[in-house]
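[1] I would like to see how this sequence folds:
(chains A, B, C and D, ligands or ions: 4)
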Amino acid sequence: MTVADQHGSTAASGLAAAYGLVDADLVAMYRTMALARALDERMWVLNRSGRAPFVISGQGHEGAQVGIAWPLRRDHDWVAPFYRSIATCLVAGMTPRELMLAQFARGSDPSSGGRQMPGHYGHAGHHVVSVSSPVATQILHAAGIALAARIRGLDQVAMAIMGEGSSNQGDVHEALNFVAIHRLPFVFVVENNGYAISVPAERELSVRDVADRAAGYGIPGTVVDGTDVLACYAAARDAVDRARRGDGPSMIEAKVTRLTGHSSDDQQTKYRSEAELAETRALDPLPIFRDQLRAAGVLDEVAQLEIDGDVALAVEDATAFAEAEPDPDPATGVDHVFADRSSNEPPPPWHPAPREGAR
Amino acid sequence: MTVADQHGSTAASGLAAAYGLVDADLVAMYRTMALARALDERMWVLNRSGRAPFVISGQGHEGAQVGIAWPLRRDHDWVAPFYRSIATCLVAGMTPRELMLAQFARGSDPSSGGRQMPGHYGHAGHHVVSVSSPVATQILHAAGIALAARIRGLDQVAMAIMGEGSSNQGDVHEALNFVAIHRLPFVFVVENNGYAISVPAERELSVRDVADRAAGYGIPGTVVDGTDVLACYAAARDAVDRARRGDGPSMIEAKVTRLTGHSSDDQQTKYRSEAELAETRALDPLPIFRDQLRAAGVLDEVAQLEIDGDVALAVEDATAFAEAEPDPDPATGVDHVFADRSSNEPPPPWHPAPREGAR
Amino acid sequence: MAVRTFIEAIREGLAEEMRRDPAVIVLGEDVGKKGGVFLATDGLWAEFGDDRVIDTPLTESMIVGTSVGAALNGLRPVAEIQFADFIFPAFNQIVSEAARMRYRTVSGATVPMVIRAPFGGGVHGALYHSQSVEAFFAHVPGIKTVVPSTPYDAKGLLRASIRDEDPVLFLEHKKMYRSVRGEVPEGEYTVPIGRAAVRRTGRRLTVVAYGLMVHYALEAAERVAEEGIDCEVVDLRTLRPLDRETLLASVRKTGKCLVVYEDNRFGGYGAEIAAIVAEEAFEYLDGPVSRLAGPDTPAMPYNHVLEEWFMLSPAKIADAIRRLAAY
Amino acid sequence: MAVRTFIEAIREGLAEEMRRDPAVIVLGEDVGKKGGVFLATDGLWAEFGDDRVIDTPLTESMIVGTSVGAALNGLRPVAEIQFADFIFPAFNQIVSEAARMRYRTVSGATVPMVIRAPFGGGVHGALYHSQSVEAFFAHVPGIKTVVPSTPYDAKGLLRASIRDEDPVLFLEHKKMYRSVRGEVPEGEYTVPIGRAAVRRTGRRLTVVAYGLMVHYALEAAERVAEEGIDCEVVDLRTLRPLDRETLLASVRKTGKCLVVYEDNRFGGYGAEIAAIVAEEAFEYLDGPVSRLAGPDTPAMPYNHVLEEWFMLSPAKIADAIRRLAAY
Ligand SMILES: Cc1ncc(C[n+]2csc(CCOP(=O)(O)OP(=O)(O)O)c2C)c(N)n1
Ligand SMILES: Cc1ncc(C[n+]2csc(CCOP(=O)(O)OP(=O)(O)O)c2C)c(N)n1
Ligand SMILES: [Mg+2]
Ligand SMILES: [Mg+2]
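    Numbering: from 1, shown residues only, chains lettered A, B, ... in the order given. Ligands and ions are numbered 1, 2, ... in the order given. Prediction:
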């Protein structure tokens, strides 16, 4: 939904109007990207200073993520993201505090209560499907969600997102075949950053454009430039509308750049040249979008500084809040295996006995 | 290789010449189809008379099978077939006796020593990869065979064959992506009979032509009419030549008809109308090819009767031979788990002790 | 009470749950018009239509993975895997996804779903239509594994499985579909997951079994009873969560335990039962905890001679009982 | 003798086998330029090139399935699964295909291939980078499962696995890669598959372990030795084929057996060990066959507090030893 719907601010520059948006939307999109980036950068700082053993990030993907998630109806449509989807999760309604709770693996982390690695977000209320590590499995979950939406007569759309390397997994083929047969309200998004960890696209993907595979399922496929946030938005809006109208699934491939190593455990200079990395930095969607908004008069110096300030505060707040939260209680380790704890196998004798009433 | 190469008979009608073949090739192709059909029909008779608990057959597929397998170099190229591939296996060099030994599950069955269900053929010497029941797995075996051929510098081609329903399995996606990246000498064949057991194509396959999926891997895909044996041959010859030249993999989809139930356990009238079944019979490749050869003057009444006689004798011989062979010795049940029998777990105490020296 | 075959009880259980709860759907290969290759879903498509009885493509990972998604969005899918042997392409979706969703979301997201699969041998199914797969799944926290042995239990446990808030693997021994009959009451009833049943009481020796092996064990127990060996037969019914109390109470009473399972012996489910008994009933044992199971070869050859060699039988079980009783 | 870390021994074993036999190739995700995420294949790509060190797409079923095919056509593929947790998409290719090819062709077709996979926890790997997967595969006839615990064994068993005529799953505990060092001789040697090693002799109690748990068990044994409890520690090294003789000889001598494994307890590999001991050493036992294993929850949470709660440790093992010794 547009910011105008929420706040009544209806000023629309030519740029915004061209996409059926108002300026406040564009600013909100930019703010979300900036927030994602700042949180992400902070996570690396935490890692390098020994306060977080692992980071996996979305730097370079934020433009595509914000543009593509923007047309979803929050808390109504569903999204099944992947480990780089920090900006996607912000658009879906997760807060900086929630993301930082996952980074610090605190007991109050809504994604997984500290059980999963950082980056493995999830939020039932916001209809964000829990990210798991085995890649590509989520495409089938989103397909099943779309199926249930159809059967239950809800007008929800389900979106699944992953990298181009993951799109080669068998589950993707099986899912696309199924959603296409049933013309389900489904959108498949590939964030193609040209690498699966160290393996370059030409060794992991037999076509230049993953979107070329859409035709093999009888569904539309589009390639968008992931540094063009509004092109991403437009492609996603069309796909979401089509899905909601009952005209079936489609695929969007956004060409993006991975600005960091694969994760904090990866040394990308081993397989990417300095020259390539330099080129990469020119494809950072954040300054590109900022410059676009400045040029269009949607964003001025003052507004930008204000956003920067807000974002910095939000990151500070989230970090301080999350870091101060307690670790999970080990007595809760045995919980959440089954609905009914009595279905669990009794813990081995060496276990600390769970405290009475602990959950 | 052409029959001319083998037997020196070089007469070529216009029909044969149009495909770079000689008449003796066409006759041999016809004979193979007729033999496959007659063996297959005998298997059903055995089933209905209680002498064979299970039959799964290739009736309706033989034209595509013979045409497509014909360009392979016997005992050199590899084929990974499926459970309907009776004619394919004959082309690859398996004998009627060998196929009937599998049907009767005798100890001397070269496919599996009576271990597998009928139809699960395999022959190491003829480079026929053992058929297993979980569908589509063989495409990856053929891909690996092609990889090994490339690495070892052999000029072999590997062909994998399956039904259209099976082509939706994840393994197919993963295999096509891999062979296309490495431009391996590989041919993927889909025998599309419009059904996966009872499920019609529109519920199991999101496109009309599986061959449309080839483009998504950057490889050529062709649809051929499975009742047109020589069109099948031509398509396969091109694909095999391309593969052998080093120009990479391709896909062939043959539209065929399943003339029988899925297997002897299936009652197809439950999901196919009488009208549909009647239409189906008009698409039987055997009379179509026979009429084509008769019209082209390649086959005359006498030759045809001779072939029919030969085929009938071969079926008689194979059946009598295989039925008379002994069942496997139960003492061999524990063999062939590992190369070295001492790696086996000791059999549970109730086992009949394997006899000394038994294999 | 009406007498039903095993498969009729399953079919009725499915139909009645679908009538009761519109969230229940059935999906799988050939489950629609054909009614399943064993006819377990026969009639459901006619009654409930395309939306709730879905003939899927031939893709097991998809069947399970979309069931996970559908469960996340409010349905209660009952997926059929045509033969348990074909569950392996879906292994990742079952083990990594269905069984872990609750844990990894601290119960924020849950997947109430059932996977039905015919398993087991003795039907000329050969290597890929005969396997026992329970050991793989009973080992996995987060999914329940149920193996009924009577029509009554099949229906009652299927109902309980569909109503359960967690994923359940529901294994049906295919040799029992038409060969086993039993009484099934008219009204609504459930059989609770996680409760074993003592099918025969005895003092000399406990035989632990599930699925078809319960019937073979009972037949064996009859035979040896004539020789004065008085066996108790425990039908586990649910492999996970396991009813330790019933199991251990029986062994503590008899002092001897024979675990019978059709699967390969090494690392099979019965190993866990034997290990538990050995550890927790140690002081009561007056004979080694014994296992009788399939040989450690791929299950199971097609040829009838080899199949018989592989399969357990009442006679083989009776032999094992005699040996242990004589200890 | 040179001292090597666990991972160096593996890297050297791979390189030397590749030099010896041109049929040996390595394939997997990131095994090329990057040298693997743990650097197990570092340097191989530079030495052997694109043809023999293949960076595959991110598709595990393909990695295993093409290895099966390549083995059928004369190569000896060594496939790397980046983390054992990601082996499940390849489950069908391993269990239904690699492990059954010989049996279903009466040895007409065979697949000499190795699947290497880092497994195990204690490295902040969370639910999907920490799992123990051996129970799933050791149960399957037709594939061998090897779990070395020292650099010497890692190299020698890897060589033996590559030369074996059958598929071998080679599991490497990732916490040992850099933390465990040991002597490795210069020349060519192999360690035979299927032979356990007694790492510490003792008379009071046998501890059975494999992988990282061997080291923890030895540490625990040292601790309790000071209290006068004299433990024998058996390192299984190969989970299948199992060295029953060494196992049973030790337990028959000590009369007490503690099986230690990091995986979930229920239905884990240690259940088979416990079951065998309970059945075949019954008359020698003077205490219950005991198991100490991971809790029955998905392995294992990321948060360090929960991870510690899940993981076994020398202290936990020492406690279990004391309890059993006091029995
Ligand atoms: C099934 C599976 N295999 C391997 C991995 C290890 N792994 C994690 S991310 C990754 C690369 C993913 O590449 P891509 O899909 O292109 O996404 P990107 O990281 O480039 O955004 C790999 C191999 C995994 N998580 N899951
Ligand atoms: C993985 C797997 N799932 C299910 C089956 C059961 N099954 C055997 S054949 C078949 C249908 C195959 O259809 P298709 O691929 O179109 O080949 P056709 O039989 O039509 O020639 C099914 C579902 C199987 N063999 N393997
Ligand atoms: Mg990528
Ligand atoms: Mg078909």
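
[2] in contact with C:Ala315, which residues?
    When contacts are counted by CB atoms under 8 Å, 6 or more residues apart in numbering or on different chains, C:Ala315 touches C:220, C:223. Placement of C-beta: from N, CA and C, glycine included.

[3] ok, now A:Val91?
    So A:Val91 contacts A:32, A:65-66, A:69-70, A:72, A:74 (CB under 8 Å, 6+ apart).

[4] could those residues go into JSON lines alongside pLDDT?
    Output for these, formatted as JSON lines (pLDDT from 0 to 100):
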{"residue": "A:Thr32", "pLDDT": "98"}
{"residue": "A:Gln65", "pLDDT": "98"}
{"residue": "A:Val66", "pLDDT": "98"}
{"residue": "A:Ala69", "pLDDT": "98"}
{"residue": "A:Trp70", "pLDDT": "98"}
{"residue": "A:Leu72", "pLDDT": "98"}
{"residue": "A:Arg74", "pLDDT": "98"}
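
[5] which members of those occur in helices, if any?
    Cross-referencing the contacts of A:Val91 against helices under DSSP state H gives A:32, A:65-66, A:69.

[6] top of those residues by neighbour count?
    When neighbours are counted by other CB atoms under 10 Å in any protein chain shown, A:Gln65 leads the ones in helices among the contacts of A:Val91 with 31 neighbours.

[7] name the element the closest residue to it other than its chain neighbours belongs to?
    Spatial nearest neighbour of A:Gln65, excluding adjacent residues (CB to CB, 6 or more residues apart in numbering or on different chains): A:Ala87 at 3.8 Å. When elements are assigned from DSSP states H and E, A:Ala87 belongs to helix A:86-92.

[8] surely C:Ala23 meets C:Leu75?
    Yes - checked against CB atoms under 8 Å, the pair C:Ala23 and C:Leu75 is within contact range at 5.0 Å.

[9] neighbour-wise, which of the two wins?
    C:Leu75 (26 against 19).

[10] can you give me the distance of the more buried one to A:Asn177?
    C:Leu75 sits 20 Å away from A:Asn177, going by CB to CB, to the nearest Å.

[11] next: C:Leu236.
    C:Leu236 is 39 Å from A:Asn177, where distance means CB to CB.

[12] which strand runs longest in chain C?
    strand C:257-264 (DSSP state E).

[13] what about the helices in the stretch 101-250 of chain C?
    Here the stretch 101-250 of chain C has its helices, by DSSP state H, counting those that start in this stretch, at C:101-104, C:134-138, C:151-163, C:176-179, C:212-225, C:244-254.

[14] mind giving me the packing neighbours of the second one?
    So that's helix C:134-138. Helix C:134-138 makes packing contacts with strand C:144-146, strand C:168-173, strand C:238-240, helix C:269-280 when contacts are defined by 3 or more CB pairs under 8 Å, 6 or more residues apart in numbering or on different chains; DSSP states H and E.

[15] which of those sits closest to chain D?
    Chain D sits nearest to helix C:269-280 of all the helices and strands packed on helix C:134-138, at 3.4 Å, using CB to the nearest CB.

[16] the strand or helix carrying A:Glu253 and chain B, are they touching?
    In the assignment (DSSP H and E), A:Glu253 maps to strand A:250-255. No - Strand A:250-255 stays clear of chain B (CB under 8 Å from any CB of the partner chain), getting no nearer than 10.6 Å.

[17] what mean pLDDT does the next helix or strand along the chain from that strand get?
    Toward the C-terminal end, the helix or strand that comes next after strand A:250-255 (DSSP H and E) is helix A:274-281. Per-residue pLDDT over helix A:274-281 has a mean of 95.

[18] ok, then the element right after helix A:274-281?
    Sequence-wise, the next helix or strand downstream of helix A:274-281 (DSSP H and E) is helix A:285-295.

[19] now for that next one, which elements pack on it?
    With contacts taken as 3+ CB pairs under 8 Å, 6+ apart, helix A:285-295 sits against helix A:23-48, helix A:62-69, helix A:229-245.
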